[in-house]
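In: Below are the sequence and a predicted model; questions follow.
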Amino acid sequence: MMVQTFIVILLIAVIAFAIYQTVLKFQKGGGCCGEHEQPPKSITVKDKNKAHYPYSIELNISGMTCSNCAKRVENALNTVDGVWAKVNFNQHSALVRMKQEVDVKLLCGMIAKAGYYAQQK
């Protein structure tokens, strides 16, 4: 009898938690990484003269589900010295301009730290 009571209480707690989470999702919206939150602040590149960036590569990005994801990837790349990146969420890609050649593994590693996956096109 004691075990059955415990199981019933446990089931009620699980159901109550599930209902609570569902209500929160409807109130605040679903989504991945905060698509209903303020977007992350952009890390802007001061030098936007394309002539200063003789090297470029395109990367395929996996795991982006909203524009906030794209901004996080762009910010991660733009923290690399001498890099100016522009992420296209619709194409799940990034155009990375570089003042000097940068190892693709470093760029993909920065994207991985942000929580996404990248590979060169």
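Out: Received, thanks.
In: List the buried residues of stretch 103-115.
Out: Applying a neighbour-count criterion of 16 or more other Cβ atoms under 10 Å, one finds Leu107, Cys108, Met110, Ile111, Ala114 buried in stretch 103-115. For every residue, glycine as well, the C-beta is placed using N, CA and C.
In: What confidence value was assigned to the nearest residue in space to Asp47 that is not next to it in sequence?
Out: Distances taken as Cβ to Cβ, 6 or more residues apart in numbering put Trp84 closest to Asp47, at 7.2 Å, once the chain neighbours are dropped. pLDDT recorded at Trp84 is 96.
In: repeat for Pro39
Out: At Pro39, pLDDT is 65.
In: quick one: average pLDDT of the longest helix belonging to the chain?
Out: Secondary structure of the chain read by DSSP state H shows that its longest helix is helix 2-28. Across helix 2-28, the average pLDDT comes to 82.
In: How far off centre is the helix or strand just after it?
Out: For helix 2-28, the succeeding helix or strand toward the C-terminus, using DSSP states H and E, is strand 55-62. Distance of strand 55-62 from the chain centroid (Cα atoms, centre = their mean, to the nearest Å) equals 15 Å.
In: So which residues make contact with strand 55-62?
Out: Residues from elsewhere that reach strand 55-62, judged by Cβ atoms under 8 Å, 6 or more residues apart in numbering: 70, 73, 87, 92-102, 104, 107-108, 111, 116-121.
In: Got a quick ChimeraX command for the buried subset of these?
Out: Remark: buried members of the contacts of strand 55-62, expressed as a ChimeraX selection using 16+ other Cβ under 10 Å:
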select :70,73,87,92,93,94,95,96,97,98,102,107,108,111,116,118
